[in-house]
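Asks: I'll drop the sequence and a predicted model, then ask my questions.
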Amino acid sequence: MSLIKSSLLNGIAVLVKMVSLLGLNKVLAIYVGPAGYAAVGQLQNAVQVLTTVSSGAINSGVVKYTAEYGAEEAKAREVWKTAGTLTACASFTLAVLMAVFNVQLSNAFFGNEHFGSIFLWFAIGIVFFSYNALLLALLNGKQEMMPYVVANIAGSLLSFFVTLLLTSRFGLYGALVALVTYQSFSFIVTACILHKRKWFCWAYLIGRIDPVIALNLGRFALMALTAAVCVPLAQILIRHHLIQEFGGEAAGYWEAMSRLSGAYLLMITTTLGVYYLPRLSELKTGQAVQREIIDGYKIIIPLLLLGCGFVYLTRDLVISLLFTQDFSPMRVLFAGQLVGDVLKVVSWVVSYVMLSKAMLRLFIVTEVASCVMLYGFTLLLTHFLGLEGATWAYALNYLIYGIIMYVCVYRRLGKHLGPEEGRLA
């Protein structure tokens with residue numbers, strides 16, 4: 001399937017998700033305010049870490065090997081059995097630990113014990129969270145875009161309505177409960193979709209753990225865990241720094257800008273995951289990967305520049321429509337954030353080569369270095385530029401990360417892995 005076709009089909013799901021996220025921004029702006037955004041951001045980072053751990057951090061590997069094996073159903077099923085069993089073990093173990101240590105988790109992420117019960121809710125739903133992600137990985141790996149789109153649309157709509165209902169009735173606490181439960185409902189829809197696929201059977205998800213497959217998936221687990229720990233940890237540290245230096249409302253402006261950025265970049269970032277990961281897994285030579293990257297840039301970069309330019313020019317309207325006037329000080333954050341978003345996407349296209357080809361050491365080193373640089377640049381630039389420095393630190397970080405991707409990944413494809421002398425996988 002081509003990038004354009006994948007983008008168009010995925011665009012339906014992304015459009016629904018984008019509208020849902022923007023609607024949620026408005027709901028949260030009304031009911032929890034700028035300071036509440038900081039608490040929501042803390043929990044969102046916790047969810048990122050814990051759901052990655054609960055799934056065994058192997059779903060990228062499931063996508064890769066499902067796509068790579070293609071019609072070799074027997075091999076694919078061995079991957080699914082190993083992945084399903086690992087997910088069961090990891091999610092049940094984590095559910096018990098969250099239930100036992102809910103107070104400690106509340107202290108770690110919120111600085112108080114008031115939200116311990118949130119992690120009890122999370123413990124109940126974590127197994128469904130994990131299996132929903134695994135089932136979506138199977139659809140992605142099989143490149144069945146239409147059911148994948150339907151499953152994602154259902155998840156987006158459920159997220160919006162669950163959050164709207166709970167936040168409007170219970171305020172910040174309701175928003176936090178919604179954040180840790182909505183994907184449990186999404187699992188029902190995804191499960192129904194998979195149940196109708198001829199190539200799928202529930203028995204394929206439980207069985208003997210193949211040690212070789214587990215070792216291969218373990219490479220992806222290490223990469224996913226590195227990203228799942230480093231990125232949220234950097235965001236938590238940055239948010240804590242902003243709260244200490246500028247107050248909770250300022251941290252809320254930064255959080256709102258980050259969430260808005262994530263919403264309007266969905267079309268591109270989700271297409272990268274849906275199209276590039278399985279596609280790059282199929283390609284066997286460095287030159288073929290380079291061609292795929294260049295072809296992608298021809299489509300992605302013009303759209304990205306147009307979209308970011310439009311958002312910048314209409315930033316005051318965006319704030320009034322999607323937030324409230326209480327968020328008007330965040331307008332100064334748009335320039336740095338948008339520059340950073342462009343640099344981020346440009347570098348991410350190349351970074352998917354590391355993921356698709358399981359370049360373990362390079363991925364871990366660059367991921368850790370990027371997060372350390374982001375935090376360090378934030379401390380430095382906020383000292384000189386105030387709150388606005390946080391977004392310019394983000395832009396500077398992805399400028400350097402992009403240069404590293406070019407030197408360490410893209411150039412290596414052409415110089416060391418030609419069409420005949422080298423295989424990537």
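Replies: Received, thanks.
Asks: Identify the nearest residue to the residue most central in space within the chain in space, disregarding sequence-adjacent positions?
Replies: Per Cα atoms, centre = their mean, the C-alpha nearest to the average position across the chain is that of Gln48, at 7.9 Å. Excluding its sequence neighbours, the residue lying closest to Gln48 (Cβ to Cβ, 6 or more residues apart in numbering) is Pro232, at 4.8 Å. Placement of C-beta: from N, CA and C, glycine included.
Asks: Val49 is in contact with the one you found, correct?
Replies: Yes. If you go by Cβ atoms under 8 Å, Pro232 and Val49 touch, sitting 5.3 Å apart.
Asks: more crowded one of these two?
Replies: Comparing Pro232 with Val49 by other Cβ atoms under 10 Å, the one with more neighbours is Pro232, at 22 against 18.
Asks: where along the stretch 201-350 of the chain do the helices fall?
Replies: 211-246, 248-264, 266-271, 277-282, 286-313, 315-322, 334-356 (DSSP state H, counting those that start in this stretch).
Asks: Mind listing what's buried along the last one?
Replies: Neighbour counts using 16 or more other Cβ atoms under 10 Å place 334, 336-356 of helix 334-356 among the buried residues.
Asks: Ramachandran angles for Glu72?
Replies: Dihedral angles of Glu72 (phi, psi; degrees, to the nearest 10) stand at phi -80, psi 80.
Asks: roughly how far apart are it and Phe161?
Replies: 40 Å (Cβ to Cβ, to the nearest Å).
Asks: and if you look at Leu134?
Replies: Here Leu134 is placed at a distance of 24 Å from Phe161 (Cβ to Cβ).
Asks: Looking at those two, which is more packed in?
Replies: With other Cβ under 10 Å as the criterion, Leu134 and Phe161 differ in neighbour count, and Leu134 comes out ahead with 25 against 15.
Asks: Just the element for that one, please.
Replies: Using DSSP states H and E, the element containing Leu134 is helix 116-141.
Asks: and the helix or strand that that helix is followed by, how far from the chain's centre?
Replies: Using DSSP H and E, the helix or strand that follows helix 116-141 in sequence is helix 145-195. How far helix 145-195 lies from its chain's middle: 16 Å, per Cα atoms, centre = their mean, to the nearest Å.
Asks: Let me see the mean pLDDT of helix 145-195.
Replies: Per-residue pLDDT values across helix 145-195 average out to 84.
Asks: quick one: low-confidence ranges for the stretch 1-150 of the chain?
Replies: Low-confidence segments of the stretch 1-150 of the chain (pLDDT under 70): 1-11, 13-14, 55-57.
Asks: Let me see the contact set for the closest residue to Met330 other than its chain neighbours.
Replies: Excluding the flanking residues, the one nearest Met330 by Cβ to Cβ, 6+ apart is Tyr253, at 3.9 Å. Tyr253 makes contact with Pro34, Phe327, Pro329, Met330, Leu333, Leu387 under the criterion Cβ atoms under 8 Å, 6 or more residues apart in numbering.
Asks: Type out the ChimeraX command that picks the buried ones from these.
Replies: The following ChimeraX line selects those of these that are buried, judged by 16+ other Cβ under 10 Å:
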select :34,327,330,333,387
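Asks: Turn the contacts of Tyr253 into TSV, columns for distance to Asn107.
Replies: Formatted as TSV, the contacts of Tyr253 follow (distance: Cβ to Cβ, whole Å):
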residue	distance to Asn107
Pro34	23
Phe327	29
Pro329	30
Met330	29
Leu333	30
Leu387	27
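Asks: Let me know the closest of the contacts of Tyr253 to Leu304.
Replies: Nearest to Leu304 out of the contacts of Tyr253 is Leu333 (Cβ to Cβ; 18.5 Å).
Asks: I'd say the closest one and Glu388 touch.
Replies: Yes. Using Cβ under 8 Å, Leu333 is in contact with Glu388, at 6.2 Å.
Asks: what residue ranges in the stretch 201-350 of the chain score low on pLDDT?
Replies: For the stretch 201-350 of the chain, the stretches with pLDDT under 70 are 267, 271, 273-274, 277-278, 281.
Asks: which residues touch Met330?
Replies: Residues counted as contacts of Met330 (Cβ under 8 Å, 6+ apart) are Tyr253, Trp254, Ala256, Met257, Ile319, Phe323.
Asks: Quick check: which of the helices of the stretch 201-350 of the chain is nearest to Val149?
Replies: Ranking the helices of the stretch 201-350 of the chain by their distance to Val149 (criterion: Cβ to Cβ) puts helix 266-271 first, at 10.5 Å.
Asks: rewinding a little: and of the contacts of Tyr253, the nearest to Leu222?
Replies: For the contacts of Tyr253, the residue nearest Leu222 by Cβ to Cβ is Leu333; the value is 33.6 Å.
Asks: distance of the closest one from Val53?
Replies: For Leu333, the distance to Val53 - Cβ to Cβ - is 31 Å.
Asks: before we move on, what about Leu97?
Replies: As judged by Cβ to Cβ, Leu97 and Val53 stand 10 Å apart.
Asks: who has more neighbours, the two?
Replies: Legend: neighbour count by other Cβ under 10 Å for Leu97 and Val53, higher for Val53 (21 against 18).
Asks: Can you say which helix or strand has that one in it?
Replies: Taking DSSP H and E as the criterion, Val53 maps to helix 33-54.
Asks: Next, the buried residues of that helix.
Replies: 33-54.
Asks: Could you list every helix and strand in contact with that helix?
Replies: Packing partners of helix 33-54 (3 or more Cβ pairs under 8 Å, 6 or more residues apart in numbering; DSSP states H and E): helix 3-31, helix 73-100, helix 102-110, helix 116-141, helix 145-195, helix 211-246, helix 248-264.
Asks: How far off centre is the shortest one?
Replies: To tie it back to what came earlier, the one meant is helix 102-110. Relative to its parent chain, helix 102-110 has a centroid offset of 23 Å by Cα atoms, centre = their mean.
Asks: And the last one, by the same measure?
Replies: Averaging C-alpha coordinates over helix 248-264 and over its chain gives two centres that are 16 Å apart (Cα atoms, centre = their mean).
Asks: Nothing else from me, thank you.
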